[in-house]
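Enquirer: Fold the following, please.
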Amino acid sequence: MIKRLENLDKVSSTLKENYDTLYDINLQIYRAKKNLTIVDIRYYPKSSLNKDYRETIKENQPMLHCKVPMPPWLSGKKEKFDINWQHYKELNKWKLLLFKLKGRQFNKKNYASNRLDKY
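Expert: Prediction:
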């Protein structure tokens, strides 16, 4: 699959033209800079589906999925993070290592406290 950069106006007009024939629209932020955001847009037409299933959903509006990859070291915390975190390979290796080490320490503390509570 070849990816090309398109202007937002062109993409939105294409989506409007084909909206009724689409089954699924996926948006994922790929990279962001101060004056430019690259969003990976993938859409799937209803014609790509199995004939029987297509008949059951032919009147449905397309589903819209917006995806933002979350760094694993946040583990559910609501903190700000750099949307470009995936592109910093070396920094990510260090952060993941620290995350794993902190998890091991946490698990050892829980294990020790659980053992003491039993006796």
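Enquirer: Do I have it right that Pro62 meets Tyr19?
Expert: Yes - using C-beta atoms under 8 Å as the test, Pro62 is close enough to Tyr19 to be in contact (6.7 Å). All C-beta atoms are positioned from the backbone trio N, CA, C, and that covers glycine.
Enquirer: More neighbours: the two, which one.
Expert: Pro62 (18 against 12; other C-beta atoms under 10 Å).
Enquirer: How about the contacts made by the more buried one?
Expert: Residues in contact with Pro62 (C-beta atoms under 8 Å, 6 or more residues apart in numbering) are Tyr19, Leu22, Tyr23, Asp24, Ile25, Tyr43.
Enquirer: what packs against the helix or strand harbouring the fourth one?
Expert: If you go by DSSP states H and E, Asp24 is part of strand 22-32. Of the remaining helices and strands, those touching strand 22-32 by 3 or more C-beta pairs under 8 Å, 6 or more residues apart in numbering; DSSP states H and E are strand 37-45, strand 63-67.
Enquirer: mind listing what's buried in that strand?
Expert: By neighbour count with 16 or more other C-beta atoms under 10 Å, strand 22-32 contains the buried residues Leu22, Tyr23, Ile25.
Enquirer: Take those and lay them out in TSV including distance to Pro71.
Expert: Written out in TSV, the entries for the buried residues of strand 22-32 read as follows (distance: C-beta to C-beta, whole Å):
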residue	distance to Pro71
Leu22	31
Tyr23	31
Ile25	25
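Enquirer: Identify, from those, the entry nearest to Lys58.
Expert: Tyr23 (9.7 Å; C-beta to C-beta).
Enquirer: Which residue is the nearest non-sequential neighbour of the closest one?
Expert: Leaving out its chain neighbours, the residue that sits closest to Tyr23 by C-beta to C-beta, 6 or more residues apart in numbering is Lys46, at 4.6 Å.
Enquirer: pretty sure the one you found is in contact with Thr56, am I right?
Expert: No - counting by C-beta under 8 Å, Lys46 stays clear of Thr56, with 10.7 Å between them.
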